[in-house]
Structures are given as structure tokens and as C-alpha cells.
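# Need coordinates for the below:
(2 chains)
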Amino acid sequence: MQAVSRLRGFVPGTVRQMAGNRSSDRLLPWLLVPVFVISILPMARLAIEGVFIGGVPSTDYIRDVLGNSTTWRATTNSLYTAGLGTIISLLIGGAFAFLVALTDIRAKAVLVFCFMIPMMIPPQITALAWVQLTGPSSALLNAIGMAPAMGSPQPLYSAEGIALLLGIQHASIVFLTLRANLRLLPREQIEAARLAGARGGRLWWQIILPLTSPGLIAGTAMAFVTALGNFGIPAMLGIPANYSTLPTLIYQKLAGFGPSVLGEVSVLAMLIGAIAICGVALHHRLLGKRDYRLMGMVGRPLDIRLGARRSLVEIVLWAVLIAILVVPLMGLIATALVPAFGVKLSLSNYSFDAFYEVLFVQPSTIRAFHNSFMLSVGAAVTLVAICLPLAYVIVRRPTRLTHLVNLMVEVPYALPGVVLAIACILLFIRIPVINISLYGTLGIIFVAYLARFLVIALRPVMNSFSQLDPALEEAAQACGAGVGRRLRDILLPLAAPSAAAGALLVFLTAFNELTVSALLWSSGNETLGVLIFNLDDSGDTVLASAVAVVVVIVVITLMTCFQLASRRLPKGVVPWQT
Amino acid sequence: MADINLSRITKSFGDYRAVNQVSLDIADGEFVALLGPSGCGKTTLLRLLAGFEEPDGGVISLGGQAVADPANRVMVNPEARNLGIVFQSYALWPHMSVARNVGYPLEVRGLGRAERDARIAKALATVALEPYADRNPTELSGGQRQRVALARCLVMEPRAVLLDEPLANLDVHLRETMQQAFLDFHRRTGATMIYVTHDQAEAMAMADRIAVMDRGRIRQMAAPETLYREPADHMVAGFVGAGAVLPIDDVAIHDAGRCSVRLGDAAIQARICQKVASNSDMRNGRDLGLCLRPEDIWVDDAGTLRGSVEDCVYLGGRFRLMVRLDGDQILPVYATKRARIGEAVGLVISDGWVFDRTEDEAA
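Here you go, the predicted model:
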């Protein structure tokens, strides 16, 4: 009886009750507050440096920086390397995604797993590996007697060298987004085209490519923005060749330390942020015009038979993988094994001294592992907690404000890590009101990580929310469930796999992160990235390589664990899994 | 007393008026179908009623209490309206078992475990799905899923059940079974049901009353047989039932709503709409239409109305002929014998319905 009365009590109530319901809906925009604090406030703080001199608004910095030809040369260089790099990413990542998703090539799982590894290796290590592989002092090439003559120029110290490595580094981004798209491509639509008489090139150009264009556009935009903000590769390859991009120009300005450094850096950061936002806005525009919602049975894999050409395709794919993954890693390992940098490696003189030194003699390595682990796990967990409600608000309650937030969260990811680091220092060196300084603690690195990787955690959750049938939520609403209840009971469990995938990506990316922490570390609070950077910077290239090899081994081991556990995890948790 | 009242409801999406000045009263326990071609606004109307959309103008009240009244800033959220809804896509939650799906409204209302289980069992029994309680919704067939969705509504004892094209995803045989299931459900529970569909056969088979919608308006709301025999306008006449509307220009009114009409050489006795019969202005002009249903027409060589057979289709038990008249109009006719294409036939018409053919754009 009591239950019945409770049911009856559920009928439309008083006006007061209505007001309560509506205001709970109005609370949703408050979820945007943490995003403002962690990703927009630091940027705003940095921007202030650029437009105020001594507390007075001024356009001097803007005029100085924009009037300087080095700024425009660096901008052109950035656009050129990032653009060319994106094309390379698109070619490699696109080819892999299409072939893996649509054809009957063998050993797909291994192929995909190996293809993901370059993304998980920090760009500095990639650059280090390639430089050591191809230069005159290459341990590997010297060992097999194929090194270029001493004194000859390093071919990678060029714009095209930077673009090539950027392209390789970010190919997996294109691959991941495109493959997610291809997985939703129903078999019927391709079969219908084949029955209509389309074959070969026509099938690819007129059906498959247009249908996958949302994934292609999204992947291209992400690869471009990531390449634009990349610091490690142009720093390792560009600085020796006196070729600067916007991120390296900022770094060089900072190293110069004049009184106007912060103001100029701020303007340069705004410039790079503006380019990144243009890229993202263009991407949203292009996507907005396409509503290729795919109808039909999803999930049945499409296996176009390659026939006699299959073996050839497989050989090419594996050759590319060996070139972009195995060979540079071999170079890195070779460097870590030589007794001293520049010495020719041979079967008689290899040594594990460097490994022994970094793992057992220097306490900083273990400490750095510990710090990086705590930071990346903490960032992953916190970001998922922030992103679930945030993605809900952005996808289901779009307003002008959420559109803005949607664009702004890209900025901390697109900006070079050093810029974000400066912004965080300015903001958190003394937090207003509570007067606590985060500077010199792990806390400041943690906050910077939250800002930087927010977008990585946010996008998969947003995608899964926008793919959910709105009726699932409306049904719960009709059942009487309020916003919080619906989030908890319906949306959260359904978005959990993509949230886990986002968390995993954050963890793996943050674990290797180098550039943000480069300015934020302090003694005892160093991360793995800082450790490698410092060792390499002080000339201990062999030790740096040894740490890098250990990091790569740890990352691959972690990825393998997830791969092996993937069968027991819900579908979609392991981001690179089918 | 009517339980659900919509008064001059308007809803626009940008420049597009999805629902335009719709008023509707639905009595407690009534089964009402909203019928119309796609894009006519019927689903929007249902979503306004459920509370998923907020009207731009007008008042929606449930049991005499306003739940949406923009003029007075009243808008009750869907979760507080106590209306059940069944979606075309079923909207079952894939991460919950059948029993938990069904019991979710009770879970939200904070009922105890034992009470909940008893009600879930009862609801599942109503839709004959007791053995499936512990299954996952993805393991069920389409018809079973729709019954789970229905049980989920039933368990919360809603004020009304709203159904949004619930049978559109099912095959023909299953549709008939499910129609029967909805009817049984309605008779047993006495719940008010509002059923959106574009399928007139579905609407006619189940509903007490049908509201025919077109371009955001209700064109006619009446019992199915009235709708069929006495369509109010051209759109309804064409949309509901097979048949043809022929333009006529010569009407002689008799008493008691009857008239005779000339069609070619034939004089036809027909019923006439009261509005037209009483208004002589409307009769003089070419705006009148004669709605003919195939069952009122016979093939008979003595018939003065002549035509030639354009098409002949066997429907099982009878043939449907399409006969082209001299005036180039085409009439559907039921016949007992097959006819040759091009064959000349005579027709006898026993009944018809005369109405104002002008579509009332201003209303």
C-alpha cells in the first residue's frame, strides 16, 4: 500500500517541485567550472602577459613579435613541417587502417599492436633513435659498416627530416580514428556498391572514402594539431640545423632570458594557439556538413579478398613497420650497449654497464619511474571523472558556451608543453586567495597534465555519448530518473568502455611525457621524460638511451598486458583492439 | 472528464513549424492513434506530451494540471510526468537484464526488493515473458524486446502509455501478433494509450479514435469508421483507406444528408457532408469532391458509367481493378473475376461521400 501511494505521489506535483527539477538541470553548466580552472585559466593568465606591460594594456609585445621576420619564418616552418608530416601520417595511417579493417590480410592483431607502439614512445626518444640510426656516428650502421662518412651532414637535420618523423610519430592517431570509423561501416553499403558494378578504384574513391571521410577529417585534424605542438622532434632535428618552428622558437626565447621573454612567449603561444584553433574549427565545420550516419548491421567484418596480391601487401606493411619501429629501436638499443658514445659496437665490446648504472646506481631512475607512474595514473583517473559529466553536457546540452569549451580544451594539448608549463607556473606559483604555491611540487605537474590530456580523455567519451541512441536516456527519464540518476545508471555504464580507453591513452601518453615537466620538475620530483632529457643534455647519450630503452620495454610490457587481458575486458576498453 | 488536454500547442524548430496550433482532448482509458505521413509532426506531438520537447505556445495538462504552459513558465520534466513511453528502437538498456530493465522505474522510486520483484514478475507475466527475466535484452527477438519495453511502462502504472511507431521495426506476422498484444494489454489494464503510426491499418485496427495529422495540424479526429466513411477533407480521404476522390460540379441535395451527383453519364446517390449541404455557396463551384471506396463499386455491364481496365491485381479472394473512366480519372474497384487489361467495363456505384475538396490552408 505504501508503495502504491509512493507511485501515486509521483504524478505531476506542485510548481515548487517543477522549479526544483529545472534548477537541477541548470546546475549542469557548473560542470564546466573545473575545465575553466584547469585548461582555460592558465592560458588566460599567460595571455595577460602578452597584452599588459607593468599592469598597463599594451600592444607592444604583439607589435614586436608580429613585426619580427623570425616569427613568420618559424610560423611558415611550423605550417610546412606539420602539414607535410600530417600528409605522411595520413598516407601511412590511412593505408594501414583501410588494409587492416577492410581486407583479408593475416596477423591483424599483431600488426595493429606494433603499429600503436610509435605513438607510445616519446618523440624525443624517437628523434634520438633516428638520429643515432642514420648519422655518421650511428652505432648500428658503424657495426655493419654502412655509416656515412664522418663529417657528412645528418640527413634528418632538415625540414623534411622533421616532417618525416612527425608523420611517423602521429600515423597511429590517423589510424585509430579512421579505424573506429571503419568499424562502423556496414558491409551492406559496400556490397550494394559492388552489385551496382563499382569495383577497384571506383569502389574506393566513390564509396569507401566518402563514407569514411568523417574519420579521415577527424584524424587529419588531430594529427595536424599534435604535429603543430610537437617540440621534441623539431628540437632534436631543427636546432642543430638552425631551423626553427614556433615551439622551438619559444624554447630558444626562454633560454635567452630577457626582461620581455614572458610577453613575447605569450604572444607566440597565442599565435600557435590561434593556428591550432583554426585547424580544429575547420575540422568541426567540415564534419558538421556531413551526417553520414551509417545504417545497417554493424560489426560484421568486411574482408575484401586481395587474392594473389595479399602476400605482397603483407610484405609491404611489415617492411614499413620494420622501418618505422624496429630499426630505430635497434639503433637506440645499439647506442645503449656501446661502452662509450661514438665507439663502434661489435660483438666483443658490447656492455650492459649503462643499464646497470641507471637502474641500480642512480636512485633518480627508480624515483622517476615512481613519479611518472603516480602522475599518469592520477591524471587518468581524475580526467575520466571530469570527462564523463563534461562530455554529457557538451553532447546533450549544447549551448554556445559548451561549443567554446569544446574548442578551448584543444588548446592546452595543441600548445607546446613548455608554453603550458610557463602558464602553469605563472598561475600556480602562488594561488590567489589560499596563498599556497604548487611550484616545486608534483602537484603543479599533475595540474598541467590534467590540462594537457583532458582532450585525450574527453574525445572517446564524447564519441560514445553521441553514438548512443537518445531514446535510451529518454526511456529512463520517462521512468522517473533525474539527471544524476540517468548519468549513473544508464549513461555511465554504457560509456564505461570508451572512458576506460580514454584513461588508458592518458596513462600511456602521460607516462612518457617529456616537455611539460621539463620546466616544472624540481629535485626529487623528476619524471622519466626529464631524466632522459637531462642525461642527453649533459652528454650522457648512452645513459639516456639506456633509460629510453627501459621506458620502451615498460610501455610495450604494459601494452602487452592490456592486450592479453583484452578478452576479459568489456569490448572497447583497449583502444587499439577490434 | 478528459484526462489529457492539449490546447493550441505550437512547436517550431528554427523556421519549421513541426506542430501548429494543435488542440486535442483524450479521455481516461481511451486508445488514440496519431496517424499521418512522415514529417507530419506526430512524433513531435508525442514528445511534447512526454516532456522531451517544450512547446513554444499552448497548454498541455494531465488530469487537469498544467504540465507545460510556456506563458506561465510551467514545464514539468518528463521524469515527473508519470507517462510511460515505448520507442520504435525499444530503448532497452543493454547492460541490464530483462528483469532489471522492467524494474528500473520501481528502483528509481525507491521500492523495496520484495515489492519490486513481485511487480516485475506480474508485469512480465502480462507480456508472457516470465522465463526471460534473467536474460540479456540483446538475446531477445524484436517482438520480445518490444514486449519488455511495454512491461517496463506497465510496471510503473503510468497515467498513459505513449507508443512511438512501436511496430515499425517488426515483420508483418509479428506486427499482427503485437497489435493483438497491445489490444489485450489495453483491455486488461484500461490504460490510456496514445499510439503514433504512419500505418493506417494499424491505427484502424487498434484505436478508439484516430487523429489524422498533416503538416503540423490535426486534419480530422474521429472514430476509424467515421474517418473512413466521412473524411473531412481531401488529405484525409486520400490518406485513409483505398479509394479515389473525383472532382464533381453538379450536386442535387436531398433530405437527411443525401444527394445525387452526376459523374459522366451516371447519376450517383451519395451522402453529403453537413457543412456543404447547408452552405449553398460551397456547392456552386468546382471545389466539391466525391470520395468513392472500392467496396461501393461493382463491375456490371448494365452500368452507365463506362471505363477501361488499366490494371488487375489478385488480392486473394478478390481482384482489384484499376478502371480508367472517360474523364481520365482512375477508380479502384473490387471484382470477383479477372479482367483483361484494356477491357471495357460498366460500373455501378452504390454509395459515395461528398465533401469540400479545398484544403483549408488558413485553419
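# Give me the local confidence score for the residue nearest the centre of chain B.
Nearest residue to the geometric centre of chain B (CA atoms, centre = their mean): B:L35, 3.2 Å. Looking at B:L35, its pLDDT reads 94.
# from memory it sits against B:M206, does it?
No - using CB atoms under 8 Å, B:L35 is not in contact with B:M206; the gap is 10.9 Å. Every residue, glycine included, has its C-beta placed from N, CA and C.
# and A:S158, how many neighbours does it have?
If you count neighbours by other CB atoms under 10 Å in any protein chain shown, A:S158 ends up with 16.
# go on, B:Q269?
When neighbours are defined as other CB under 10 Å, B:Q269 has 13 of them.
# and it, which of the three is it?
strand (DSSP: H, G, I helix; E, B strand; the rest coil).
# buried ones in stretch A:442-456?
A:442, A:444-456 (16 or more other CB atoms under 10 Å in any protein chain shown).
# residues making contact with that stretch?
By CB atoms under 8 Å, 6 or more residues apart in numbering or on different chains, the residues outside stretch A:442-456 that reach it are A:35, A:38-39, A:42, A:371, A:374-376, A:378-379, A:382-383, A:386-387, A:409-410, A:412-413, A:417, A:420-421, A:424-425, A:428, A:438, A:502, A:505-506, A:509-510, A:513, A:516-517, A:520-521, A:525, A:527.
# now swap in stretch B:59-74 and tell me
Residues contacting stretch B:59-74 (CB under 8 Å, 6+ apart): A:11-12, A:15, A:18, B:1, B:3-9, B:48-49, B:51, B:54-58, B:75-76, B:81, B:83, B:159-160.
# Quick check: closest non-adjacent residue to A:P412.
Nearest non-adjacent residue to A:P412, counting by CB to CB, 6 or more residues apart in numbering or on different chains: A:A451, 4.2 Å away.
# Just flag the most distant two among the buried residues of stretch A:442-456.
A:L442 and A:V455 (22.1 Å; CB to CB).
# Any regions of the stretch 401-550 of chain A where pLDDT drops low?
A:432 (pLDDT under 70).
# and if you look at the stretch 251-363 of chain B?
Short version for the stretch 251-363 of chain B, where the test is pLDDT under 70: B:280-286, B:359-363.
# Would you mind listing what in it touches chain A?
Nowhere does the stretch 251-363 of chain B come near chain A, counting by CB under 8 Å from any CB of the partner chain.
# And the helices in the stretch 251-363 of chain B, which stretches?
Taking DSSP state H, counting those that start in this stretch, the helices of the stretch 251-363 of chain B run over residues B:274-278, B:280-283.
# what are the ranges of the strands in chain A?
Secondary structure of chain A (DSSP state E): strands at A:52-53, A:56-57.
# Tally up the residues packed near the nearest residue to A:I425 once chain neighbours are set aside, please.
Spatial nearest neighbour of A:I425, chain neighbours left out: A:Y439 (6.1 Å); criterion: CB to CB, 6+ apart. By other CB under 10 Å, the residues close to A:Y439 number 15.
# now A:I394
Neighbours of A:I394 using other CB under 10 Å come to 25.
# So for it, what's the nearest residue that isn't a sequence neighbour?
A:T402 (4.7 Å).
# Who are the contact partners of the one you found?
A:P29, A:L32, A:V393, A:I394.
# just to revisit the earlier point, how much space separates the residue nearest to A:P412 from B:R152?
The spacing between A:A451 and B:R152, counted by CB to CB, to the nearest Å, is 42 Å.
# now B:V32
21 Å.
# Comparing the two, which residue is more hemmed in?
Per other CB under 10 Å, whichever of B:V32 and B:R152 has more neighbours is B:R152, with 30 against 24.
# these two touch, right, that one and B:G84?
Yes - if you go by CB under 8 Å, B:R152 and B:G84 touch, sitting 7.4 Å apart.
# for the helix ranked longest in chain B, packing partners?
Ranked by number of residues, the top helix in chain B under DSSP state H is helix B:172-189. Packing contacts for helix B:172-189, counted by 3 or more CB pairs under 8 Å, 6 or more residues apart in numbering or on different chains; DSSP states H and E, involve helix B:113-126, helix B:142-154, strand B:192-197, helix B:200-206.
# B:V67 is in what secondary structure piece?
Using DSSP states H and E, B:V67 maps to strand B:65-69.
# Need the CA coordinates for that strand. PDB is fine.
This file holds the C-alpha atoms of strand B:65-69, laid out as PDB (Å, rounded to 0.1, in the frame of the first residue of the first chain):
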ATOM      1  CA  GLN B  65      -3.000  20.000 -14.100                       C
ATOM      2  CA  ALA B  66      -0.800  22.000 -16.500                       C
ATOM      3  CA  VAL B  67       2.500  20.300 -17.200                       C
ATOM      4  CA  ALA B  68       3.600  22.600 -20.000                       C
ATOM      5  CA  ASP B  69       2.500  26.200 -20.200                       C
END
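# Model confidence at the nearest residue to A:S266 once chain neighbours are set aside, what's the number?
What sits nearest to A:S266 in space, not counting adjacent residues and going by CB to CB, 6+ apart, is A:G50, at 3.2 Å. On the pLDDT scale, A:G50 is placed at 81.
# Now for A:G50, how many residues are close by?
A:G50: 23 surrounding residues under other CB under 10 Å.
# and if you look at A:G55?
Neighbour number of A:G55 under other CB under 10 Å is 7.
# Which stretch among the strands of chain A is buried most, on average?
Ranked by mean neighbour count, those are led by strand A:52-53 with a mean of 14 (mean count of other CB atoms under 10 Å in any protein chain shown).
# Not counting its own residues, what contacts it?
Here strand A:52-53 has contacts from A:S58, A:D60, A:Y61, A:G263, using CB under 8 Å, 6+ apart.
# What distance do you get for the second one to chain B?
Same thing as A:D60. Using CB to the nearest CB, to the nearest Å, we find A:D60 at a distance of 46 Å from chain B.
# Mind listing what's buried along stretch A:43-50?
Quick answer for stretch A:43-50 (16+ other CB under 10 Å): A:M43, A:R45, A:L46, A:A47, A:E49, A:G50.
# list the contacts for the second one?
Applying CB under 8 Å, 6+ apart, one finds that A:R45 lies in contact with A:A423, A:L426, A:L427.
# quick one, what contacts the residue nearest to it when sequence neighbours are not counted?
Distances taken as CB to CB, 6+ apart place A:L427 nearest to A:R45, at 4.4 Å, with adjacent residues excluded. Applying CB under 8 Å, 6+ apart to A:L427 gives the contacts A:L41, A:P42, A:R45.
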